[in-house]
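*Asks:* here's a sequence, model it:
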Amino acid sequence: MTAPAAPPLLEIRGASKSFPGVKALDAVDLDLYPGEVLALIGENGAGKSTLMKLLSGVYSPDAGEFFVDGQQVTIEDTKRAEELGIAIIHQEFNLIDDLTVAQNIYLGREPRRGPFISDAAMIRDAQALFDRLGLALDPRATVGDLTVAAQQMVEIAKALSVDARILIMDEPTAALNDEEVATLHQLIRQFAGPDTGVIYISHRMPELKAISQRTAVLRDGRYIGTVSTAETETAEVIRMMVGREIDTSAGPDPYTGTGEAVLEVVGLSTKDKLRDIDLELRAGEILGLAGLMGAGRTELARAIVGADRTSGGRIMVGGRPVRIQNPARAAALGICYLSEDRKQLGIVVDQSVRDNVALPSLPRYFRRLFADERAIDADTRTMVERLNIRTPSIRQEVGRLSGGNQQKVAIAKWLVRDCDVFIFDEPTRGIDVGAKAEIYRLLRDLSAQGKSIIVISSELPEVLALSQRIAVMSEGRLAGVLDGATATQDSIMELATRFSNPEEVVA
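*Replies:* Residues are numbered from 1 along each chain as shown. Down below sits the predicted model:
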């Protein structure tokens, strides 16, 4: 592959970084050229986020050299990175829920009139930024009231509000729908120019093909190589990334369950979103739950487990009506829910892997007044091995793991709880192709064991690959249920857009 003719905008040579028990980066090289979108890929734990945190001044390297415009630089902190024109959008949002959109964007560099912050100027500047970027955001809105997708757009606007020359994006589209992804890609193309470049981290291969010119690959903290995105087959990139063959077989396993309904919702409604949902989940079944963003998929899951209050309808478990006041009651009935919001609701980031895995099952471990520490350790080690969780120790703080390994810990805690019904909301968001295959295999194994699973996913190929049946939501209602063996992306989208008018009556 021929490198671009212009000198590099950014060069990294021999970057290394170690943490207790693990070498995150081992002599990594990287180049970024002006006008380029460079894809950076690797499995969870390969070192991508660590490398970007070195570049943005969050971490200090143990070894290595950094060059911007051919000049060697030292990036001792985030302020220095900003001075060098380096901006980063982290995979986990760095927003303050109680502040407005404008306040989050200009936090620490608010416009002032004399000694006082000028809210009017801040709102005006934010609106001008949104108009220039084509973002439908309200600068006065409170960030905590926004959807995950809107919060992602706030992060993007915040990064582009500074005079950045090197923009780093870590899984920027994980919470975006197709239209929002197209908007983001247009913003990136506008940004990448003669003096600017983008490093784009994503696990979505079609996305990388659409937006990047070159693809750099890391594996186990080492630099594997850089290839032309357009000229390299996806299978070859995956081989570089994982160092092994990946099972890419599509299509759900045939349903082998009894057909007995283990969970039923009848006429389920909520005040703000859901309207008369009738749905059943069968023993040993993987039921996909699809729909456009805002269709009510997550709201249905939260209503089932008692996280959101219902305004009508009933829920039955094993044919018996039940009252589920909260997720703890749902778990007691054998229904476990993995939230799409991993950081806030899926894990306790400042606790260990061991403590997170044991948390939902604590009563089971207690013998009189004391916990069975050996049993907790044994179960945690079993889950670490079963899910291939990359951690130096079961006592490692979960917040120090990669995003994909955090997701595995969130899944592990419910496997230890051994529920009969699992509701997984975006279980592979932010997970690399190798780990995704592992999660698929896990879900199929659970189904074969007679467990019943609802999988909520924004990725239609994922829904089609896993689900024996696919329930499609539209505007807070159930638009239809498809046979997973014959469903297509087109048939799902036809149902997903069925109720374009919220006041339309179900035929």
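
*Asks:* so where's the stretch 351-500 of the chain uncertain?
*Replies:* Across the stretch 351-500 of the chain, residues meeting the criterion (pLDDT under 70) sit at 430, 499-500.

*Asks:* how about the strands in it?
*Replies:* Listed in chain order, the strands of the stretch 351-500 of the chain (DSSP state E, counting those that start in this stretch) span 366-367, 370-371, 421-425, 452-456, 469-474, 477-483.

*Asks:* include distance to residue 179 and mean neighbour count when you put the ones you listed into a markdown table, please.
*Replies:* In this view, the C-beta of every residue, glycine as well, is placed from N, C-alpha and C. Shown next, in a markdown table, are these (distance: least, CB to CB, whole Å; neighbours: other CB atoms under 10 Å):
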| stretch | distance to residue 179 | mean neighbour count |
| --- | --- | --- |
| strand 366-367 | 50 | 9 |
| strand 370-371 | 49 | 11 |
| strand 421-425 | 21 | 25 |
| strand 452-456 | 19 | 24 |
| strand 469-474 | 16 | 25 |
| strand 477-483 | 19 | 20 |
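
*Asks:* residue 64: which of those is closest?
*Replies:* strand 421-425 (38.8 Å; CB to CB).

*Asks:* coming back round to it: pipe the strands of the stretch 351-500 of the chain into TSV and attach distance to residue 251 per row.
*Replies:* TSV is the format used below for the strands of the stretch 351-500 of the chain (distance: least, CB to CB, whole Å):
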stretch	distance to residue 251
strand 366-367	44
strand 370-371	44
strand 421-425	19
strand 452-456	15
strand 469-474	12
strand 477-483	12
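
*Asks:* of those, which is nearest residue 329?
*Replies:* strand 421-425 (13.3 Å).

*Asks:* I'd like to know which of the strands of the stretch 351-500 of the chain is closest to residue 80.
*Replies:* Between these, strand 421-425 lies closest to residue 80; by CB to CB that is 38.8 Å.

*Asks:* with only the CA atoms kept, save the closest one in PDB.
*Replies:* C-alpha atoms of strand 421-425 as PDB (Å, rounded to 0.1, in the frame of the first residue of the first chain):
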ATOM      1  CA  VAL A 421     -35.700 -15.300  31.200                       C
ATOM      2  CA  PHE A 422     -33.000 -13.000  30.000                       C
ATOM      3  CA  ILE A 423     -33.700  -9.600  28.500                       C
ATOM      4  CA  PHE A 424     -30.600  -8.300  26.800                       C
ATOM      5  CA  ASP A 425     -30.800  -4.700  25.600                       C
END
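
*Asks:* partner strands of it, with direction?
*Replies:* Neighbouring strands of strand 421-425 in its sheet, by DSSP bridges, are strand 335-338 (parallel), strand 452-456 (parallel).

*Asks:* quick check: chain neighbours aside, which residue is closest to residue 64?
*Replies:* Using CB to CB, 6 or more residues apart in numbering and skipping the chain neighbours, the partner closest in space to residue 64 is residue 15 (3.5 Å).

*Asks:* ok, the helix or strand where the one you found lies: who's next to it in the sheet?
*Replies:* For residue 15, the host element (DSSP states H and E) is strand 10-19. Strands that pair with strand 10-19, judged by DSSP bridges, come out as strand 22-32 (antiparallel), strand 63-68 (antiparallel).

*Asks:* run through who's touching that strand.
*Replies:* 23-32, 47, 50-51, 54-55, 59, 61-68, 70, 166, 197, 392, 400 (CB atoms under 8 Å, 6 or more residues apart in numbering).

*Asks:* buried subset of those as a PyMOL selection?
*Replies:* In PyMOL syntax, the buried subset of the contacts of strand 10-19 is picked out as below (16 or more other CB atoms under 10 Å):
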select buried, resi 24+25+26+28+30+31+32+47+50+51+54+55+59+61+64+66+67+68+166+197+400
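
*Asks:* count the neighbours of residue 135 for me.
*Replies:* When counting by other CB atoms under 10 Å, one arrives at 20 neighbours for residue 135.

*Asks:* which helix or strand contains it?
*Replies:* Applying DSSP H and E, one finds residue 135 in no helix or strand.

*Asks:* residue 209 too?
*Replies:* helix 205-211.

*Asks:* in that helix, which residues are buried?
*Replies:* Those would be 205, 207, 208, 211, for helix 205-211 by 16+ other CB under 10 Å.

*Asks:* elements contacting it?
*Replies:* If contacts are counted by 3 or more CB pairs under 8 Å, 6 or more residues apart in numbering; DSSP states H and E, helix 205-211 sits against strand 37-41, helix 178-191, helix 234-242.

*Asks:* show me the helices in the stretch 1-150 of the chain, by range?
*Replies:* 48-55, 78-83, 101-105, 119-133, 148-160 (DSSP state H, counting those that start in this stretch).

*Asks:* pull the shortest one out as PDB, backbone CA atoms only.
*Replies:* It stands for helix 101-105. What follows is helix 101-105, C-alpha atoms only, in PDB (Å, rounded to 0.1, in the frame of the first residue of the first chain):
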ATOM      1  CA  VAL A 101     -26.300  21.300  26.400                       C
ATOM      2  CA  ALA A 102     -24.600  24.700  26.000                       C
ATOM      3  CA  GLN A 103     -23.100  24.600  29.400                       C
ATOM      4  CA  ASN A 104     -21.600  21.100  28.700                       C
ATOM      5  CA  ILE A 105     -20.100  22.200  25.400                       C
END
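
*Asks:* what about stretch 455-464, start to end distance?
*Replies:* 11 Å (CA to CA, to the nearest Å).

*Asks:* ok, now which ones touch residue 252?
*Replies:* 286, 464, 465, 466, 467, 468, 484, 485.

*Asks:* what sits against the closest residue to the fifth one other than its chain neighbours?
*Replies:* For residue 467, the nearest residue in space outside its immediate sequence neighbours is residue 288; the separation is 3.1 Å by CB to CB, 6+ apart. Residues in contact with residue 288, defined by CB under 8 Å, 6+ apart, are 454, 455, 456, 457, 463, 464, 466, 467, 469, 470, 471, 484.

*Asks:* 10 Å instead?
*Replies:* 252, 453-457, 460, 462-472, 481-482, 484, 487, 492 (CB atoms under 10 Å, 6 or more residues apart in numbering).
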